[in-house]
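[1] Pasted the sequence and its predicted model underneath.
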Protein chains: 2
Amino acid sequence: MNVEIQNSRLEKFFNPASVAVIGASNTPFNLGATICNSLKHYIEFPGPVVAINRKAEAVSGYPGYSSVTDVPHDIDLAVIITPALVVPAFVKQCGEKGIRNIVIESAGFSEQGGEGKKLQKEIDGYAKQYGIRFLGPNCLGVMNNISRFCSFYGAYDGMMNAFNKTGGVSYVIQSGGIGVVIFESLMDDMQGINKMVSIGNKTDVDEADLLDYFNSDNTQVISMYLENVANGTKLMNVARRVRKPVMIFKSGRTEAGTAAALSHTAGMANNDVVFDSMCRQAGIIRLKSISELYSLPKMLTEMPLLRGNRIAAFTNSGAFGSISADMMTDAGLTIPRLAPETREKISKIKGVFNINNPVDIGPAPPQVYLDLIDIILAAPEVDGLLLMSSIWRDFIIDVIKEVIKMCKLYDKPAAIYTPNSISRIISVRKQFNIPIFDSLEEAVRALVVSHEQFRYLRKKEQ
Amino acid sequence: MNVEIQNSRLEKFFNPASVAVIGASNTPFNLGATICNSLKHYIEFPGPVVAINRKAEAVSGYPGYSSVTDVPHDIDLAVIITPALVVPAFVKQCGEKGIRNIVIESAGFSEQGGEGKKLQKEIDGYAKQYGIRFLGPNCLGVMNNISRFCSFYGAYDGMMNAFNKTGGVSYVIQSGGIGVVIFESLMDDMQGINKMVSIGNKTDVDEADLLDYFNSDNTQVISMYLENVANGTKLMNVARRVRKPVMIFKSGRTEAGTAAALSHTAGMANNDVVFDSMCRQAGIIRLKSISELYSLPKMLTEMPLLRGNRIAAFTNSGAFGSISADMMTDAGLTIPRLAPETREKISKIKGVFNINNPVDIGPAPPQVYLDLIDIILAAPEVDGLLLMSSIWRDFIIDVIKEVIKMCKLYDKPAAIYTPNSISRIISVRKQFNIPIFDSLEEAVRALVVSHEQFRYLRKKEQ
């Protein structure tokens, strides 16, 4: 299918004018009702919503019907959250009503084998017959922070806070549990969520389709959690034409991990070496941990890309010079000897303990920091900066703000870590909106990823 | 020297009855004055303190003298924080006064080569002549949370908070900067600091001496940051007889890291492979990051040791089952198939998605969690638990508290991670004093370290 046509077909998942929640009722612990409740009370979704249940009862103030075919107006998107057994019949009913986009949240399909696989075939048949695109089954569907729509069930206050903070990162996740961690963690970080899609068994719409979609919208960075890749060639072909950074964390690397993933989202085993080489060829950044899904994007949205691998380290604690030099060596970054001209300039500044790279200074006023960092960033032998100064006085925060400006001026990135407790780092990052990483490991990793993205882009442009 | 005699000689570093701060004055930015200020106003150190300076001026309310020999009472411990050039003369003066314990905080000795090495020789000569033991030079000296003594200069409010929270972990660090991160981070964790010693160039008292000391006091876990090991055989011999967990993070693993360390604390290059094998032989847990210095002790103080490597994983989010299985495989832990009896017991509980290990449950009430975890911990094919449940309802916190009790009952540890944001984890850990790790990586690592310590102990006991 043509990419533009497909993207416009997917659009109704993200921007539905009207929604039916099939299976929402007032029965205690009903999951569909939690979706209606979020739409009505947290998100204040602007379009009409209806609840479909046996008793045709209203839910969260939204009118109820016993069938979508009874709804007097058009429905853009249906969300099905019923027992698996009745899902095929509801898909058929949606087809008859003219609904062409469905989120199937119910579980109990291919991931459970036997009977579940039969039900899946029925759904696939109706989808084909009516030209329906669907997300799931076994998923949470869509969250769109721009249009203010969310089909996630069981969302609690903490998650709904995400709607108070927009941002440039869009997520494709194969598990709702990962969504929770991302939602919560981004509240402590720079960027909010742009959009998030939970794809579950991804029997129809998959990560490659969504990559195409996010390539065309206002997303800046695309971040994915996958348990399996069903069609590697498709994903690779799409990724190859995407210029935005694409990051993937994939579980199921080992035999034990794959076994667990299979019973979770019904995937197939992937050869990890093949997947790894696919990522490298297609310019996909392969993540090493779940936390990188939310910690790394800020390096790509807030800083210029790292054009070479020569890093100058700057610290006010000698220990971090040594520790970071070890880490950078392990990560394949180089710690160049500073040129005689650079060293001469630095030697004129008072309070410098070590004129070599890593540069190490003692207690000094803000101007000493700024003069030094300016010399380092200007040096032609330096491609980027690893800034490690503890916030021992509040002025360090102002220094960091100035360094961010310098980075833009010199078109060289800085990865920033302050040797303080994580709670101190989080509080400063939130209050002043500056990209400090939670750990030195993360900061070094951010440099690696930034340079990877630079090299991928250069390759793609050739 | 006999261990008991040496320990009693070191005792005066930790529990001095009286202290002289040599170099403390009212000159602006004087570092010695910050020590007097901490002792007087934050810590309220119970013994007499005097300031030694040219003008014999009082500092922070403590009387001033121009020489320690003028002080009318005995001095247990001298802290020297003057320019390097005059340090030897002050050491001699201390010797004449009968002071046998000195903390030399001044920098500018072996780590700067040439002239600095000469000054060091003079100090060594006087120390020998008068039978003085000294810490440093180029260090911060001692912090003792029990006797309420601290010789760290430049301490700020955030660090001094550490005195409000005692604990069982004692630290030997070769850099003050690492101390700051530990001080701050432990405020967000379970255990407070027992004692901390910053050893700097460690020309006299070294990490092995302090290991012996901490083996004899109320310390539960000994944690070290080292940039070099000057006498590996000595450290190894002491470590071999220590039964308390000993953990070391060492920087200077790579050429670049070693170069940075040399100019920081004047060490010598160590062969990393040799150091690694030394740790294994002496039963020292080698840490992989700075954060492990403060995150891992809680696994050893709050949980039984892991007696085998067979781990049951428990989660309320399928993704973490798969991700943790990958991680545990990488870490050399095994994820055993549950025995038929165990599976049968589990199958009688409603709401379980996956009866295999990792066990995966849906939304369920607290009793389901407790029944399940009880079955798992009781299973003979399981040595320990990896508990990964997000705090989606407050009752999860009560579940975790119960699990901690069960662990003691079954003598099997649980490593606990809640898939939530770090700030949520920290706030729950602090409020309820439960050992939750900041990340899944940390939790898995804690299991590995617990089992390492179990095996080391068994070996030492043989």
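    Arrived safely. Numbers count the residues shown, from 1 in each chain, chains lettered A, B, ... in the order given.
[2] residues contacting the nearest residue to residue A:318 once chain neighbours are set aside?
    Spatial nearest neighbour of residue A:318, excluding adjacent residues (CB to CB, 6 or more residues apart in numbering or on different chains): residue B:264 at 3.4 Å. From N, CA and C alone the C-beta is placed, and that goes for glycine too. For residue B:264, the contacting residues are A:318-319, A:321-322, A:354, A:360, B:111, B:175, B:227, by CB atoms under 8 Å, 6 or more residues apart in numbering or on different chains.
[3] For the residues you listed, which entry has the maximal number of neighbours?
    residue A:322 (34 neighbours; other CB atoms under 10 Å in any protein chain shown).
[4] What strand or helix carries that one?
    For residue A:322, the host element (DSSP states H and E) is helix A:318-330.
[5] List the contacts of that helix.
    A:311, A:313, A:315, A:334-335, A:353-354, A:358-360, A:386, A:388, A:419, A:440-441, A:444, A:447, B:174-175, B:177-178, B:225, B:227, B:251-261, B:263-265, B:290.
[6] Among these, which are located in strands?
    Among the contacts of helix A:318-330, the ones falling in strands (DSSP state E) are A:311, A:313, A:315, A:353-354, A:359-360, A:386, A:388, B:225.
[7] follow-up on the earlier one: so among the contacts of helix A:318-330, which ones count as buried?
    A:311, A:313, A:315, A:335, A:353-354, A:358-360, A:386, A:388, A:419, A:440-441, A:444, A:447, B:174-175, B:177-178, B:225, B:227, B:251-254, B:256-261, B:263-265, B:290 (16 or more other CB atoms under 10 Å in any protein chain shown).
[8] just curious, which of the ones in strands among the contacts of helix A:318-330 is nearest to residue B:193?
    Set against residue B:193, the nearest of the ones in strands among the contacts of helix A:318-330 by CB to CB is residue B:225 (13.4 Å).
[9] now that closest one: how far from chain A?
    7 Å (CB to the nearest CB, to the nearest Å).
[10] Which residue would be the closest one in the stretch 351-462 of chain A to chain B?
    residue A:421 (3.6 Å; CB to the nearest CB).
[11] how many neighbours does that residue have?
    What residue A:421 shows, counting by other CB under 10 Å, is a neighbour count of 22.
[12] what do you get for residue A:205?
    Neighbours of residue A:205 using other CB under 10 Å come to 23.
[13] how close does it get to residue A:32?
    Here the distance between residue A:205 and residue A:32 works out to 21 Å (CB to CB, to the nearest Å).
[14] likewise residue A:352?
    Applying CB to CB to residue A:352 and residue A:32 gives a distance of 64 Å.
[15] Which residues does the helix or strand of chain A with the lowest mean pLDDT contact?
    Using mean pLDDT, DSSP states H and E, the weakest-scoring helix or strand in chain A turns out to be helix A:157-160, at a mean of 75. Residues outside helix A:157-160 that contact it (CB under 8 Å, 6+ apart): A:38, A:42-43, A:150, A:152, A:179-180, A:183-184, A:187, B:424.
[16] Minimum pLDDT in those residues, which residue is that?
    Ranked by pLDDT, these bottom out at residue A:180, which has 86.
[17] Can you name the residues of the stretch 51-200 of chain A that neighbour chain B?
    Proximity of the stretch 51-200 of chain A to chain B (CB under 8 Å from any CB of the partner chain) is limited to residues A:154, A:156, A:158, A:174-178, A:180-181, A:184-185, A:187-188.
[18] In the stretch 251-400 of chain A, what residue lies closest to chain B?
    For the stretch 251-400 of chain A, CB to the nearest CB, closest residue to chain B: residue A:317, 2.4 Å.
[19] Could you check how far the residue lying closest to that residue once chain neighbours are set aside is from residue B:69?
    Leaving out its chain neighbours, the residue that sits closest to residue A:317 by CB to CB, 6+ apart is residue B:177, at 2.4 Å. Per CB to CB, residue B:177 is found 35 Å from residue B:69.
[20] repeat for residue A:406
    Taking CB to CB, one finds residue A:406 at 53 Å from residue B:69.
[21] quick revisit: let me have the residues of the stretch 51-200 of chain A next to chain B in CSV, adding distance to residue A:372 as columns.
    Converted to CSV, those look like this (distance: CB to CB, whole Å):
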residue, distance to residue A:372
A:154, 51
A:156, 47
A:158, 41
A:174, 46
A:175, 45
A:176, 47
A:177, 45
A:178, 41
A:180, 42
A:181, 38
A:184, 37
A:185, 33
A:187, 34
A:188, 30
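[22] In terms of distance to chain B, which of these ranks first?
    Using CB to the nearest CB, those come closest to chain B at residue A:177, 2.4 Å.
[23] was I right about that closest one contacting residue B:420?
    No - assessed by CB atoms under 8 Å, residue A:177 is found out of contact with residue B:420, at 10.5 Å.
[24] list residues touching both of these two?
    residue B:390.
[25] pLDDT-wise, what's the bottom of the ones in strands among the contacts of helix A:318-330?
    Out of the ones in strands among the contacts of helix A:318-330, that is residue A:353, at 75.
[26] I figured that residue hits residue A:361, correct?
    Yes - the pair residue A:353 / residue A:361 is scored as a contact, 6.1 Å apart, by CB under 8 Å.
[27] Residues that sit against both of the two, list them.
    What both residue A:353 and residue A:361 touch, as defined by CB under 8 Å, 6+ apart, is an empty set.
[28] contacting residues around the residue nearest to residue A:317?
    By CB under 8 Å, 6+ apart, the neighbours of residue B:177 are A:315-320, A:390, A:419.
[29] Same check on residue A:208?
    A:231, A:234-235, A:237-239.
[30] Helix or strand: which one has it?
    helix A:207-216.
[31] next one: residue A:247
    Short version, using DSSP H and E: residue A:247 is in strand A:246-250.
[32] could the contacts of residue B:264 be laid out in TSV, adding distance to residue A:133?
    Listed next are the contacts of residue B:264 as TSV, based on distance: CB to CB, whole Å:
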residue	distance to residue A:133
A:318	58
A:319	55
A:321	54
A:322	55
A:354	60
A:360	57
B:111	66
B:175	58
B:227	59
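[33] So which of the residues you listed sits lowest on pLDDT?
    residue A:354 (78).
[34] beta partners of that one?
    residue A:360 (DSSP bridges).
[35] you'd agree it is up against residue B:263?
    Yes - counting by CB under 8 Å, residue A:354 touches residue B:263, with 5.2 Å between them.
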